[in-house]
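> what's the 3D shape of this:
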Amino acid sequence: MTVEVLDRPSEETPAETALRIADCDIHPSPKSLEREIYPFLEKRWQRHMERYGARPRQPFLNGPAYPKGQPDAARRDAYPPAGGRPGSDLAFMREQHLDPNNVGFGVLNPLKSGQGLQNLDFADAYCRAINDWQIAFWTREEPRLKASIVIPYEDAAASVREIERCAGEEDYVQVFMLNRTAEPMGQRRYWPIYDAAAAAGLPLAVHAFGFGGAPITGSGWPS
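Numbers count the residues shown, from 1 in each chain. I've put the predicted structure just below:
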């Protein structure tokens with residue numbers, strides 16, 4: 001089928017004609033908790049982090065025990081040359097991913113964001129800090145990037161408050177959860193989250209993994 005395009009300019013630059021990519025799953029990570037996250041975290045929770053750490057609802061404090069083939073869900077060449085975790089260097093992200101792949105729209109999905117922590121009050125505070133960090137360190141520095149509203153989804157009331165707090169900021173484009181919740185996501189305890197997202201006109205994004213607290217296989221925890 002031939003399509004006739006009317007009023008087409010006689011000359012177009014490659015940037016105008018090239019296919020642009022929308023990447024819906026970019027995982028940012030702070031270079032330093034003290035420099036990047038602590039400014040958005042109350043002193044009491046800074047002390048809590050230093051004393052107890054971020055304890056998820058599972059027995060493995062350093063992340064899931066299985067699989068081990070994908071460290072941080074990142075390729076090995078994704079570690080910034082200057083040091084730090086994958087996704088922690090915006091300049092390197094531009095050089096390695098955004099520019100060469102012509103990414104015109106990228107959505108940040110922070111995985112280490114406080115969701116699923118055993119201390120629900122700390123989860124609430126940490127999610128707020130991560131949300132503010134996304135704007136300050138990422139979307140205001142790079143207009144191609146947009147943020148997700150991460151929520152402490154095991155506390156529906158706190159999650160609703162966070163959705164309502166962030167929904168007016170245009171840089172947030174979705175509400176973000178992980179799929180391994182304490183109970184199945186269809187349970188009534190999570191319904192207020194879905195209502196709040198709908199009221200804000202935001203889609204609900206669900207990413208793999210999470211911290212359900214129970215073994216992920218019928219025969220227990222994998223080794």
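
> going along the chain, name the helices of this protein.
14-17, 43-52, 90-93, 120-134, 156-166, 191-200 (DSSP state H).

> save these as TSV, and put in mean pLDDT, mean neighbour count and distance to residue 174 too.
Any C-beta I mention is one placed from the backbone N, CA and C, and that applies to glycine too. TSV is the format used below for the helices of the chain (pLDDT from 0 to 100; neighbours: other Cβ atoms under 10 Å; distance: least, Cβ to Cβ, whole Å):
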stretch	mean pLDDT	mean neighbour count	distance to residue 174
helix 14-17	56	8	27
helix 43-52	96	13	25
helix 90-93	97	17	19
helix 120-134	98	22	12
helix 156-166	98	19	10
helix 191-200	98	16	8
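
> can I get the ones you listed in JSON lines including distance to residue 109?
Formatted as JSON lines, the helices of the chain follow (distance: least, Cβ to Cβ, whole Å):
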{"stretch": "helix 14-17", "distance to residue 109": "27"}
{"stretch": "helix 43-52", "distance to residue 109": "22"}
{"stretch": "helix 90-93", "distance to residue 109": "14"}
{"stretch": "helix 120-134", "distance to residue 109": "10"}
{"stretch": "helix 156-166", "distance to residue 109": "15"}
{"stretch": "helix 191-200", "distance to residue 109": "15"}
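
> wait, which of the ones you listed is closest to residue 219?
helix 120-134 (29.3 Å; Cβ to Cβ).

> remind me which residues of this structure are low pLDDT?
1-17, 59-73, 223 (pLDDT under 70).

> how are the strands of the chain distributed by residue range?
Applying DSSP state E to the chain gives strands spanning 21-26, 103-108, 145-150, 172-180, 204-210.
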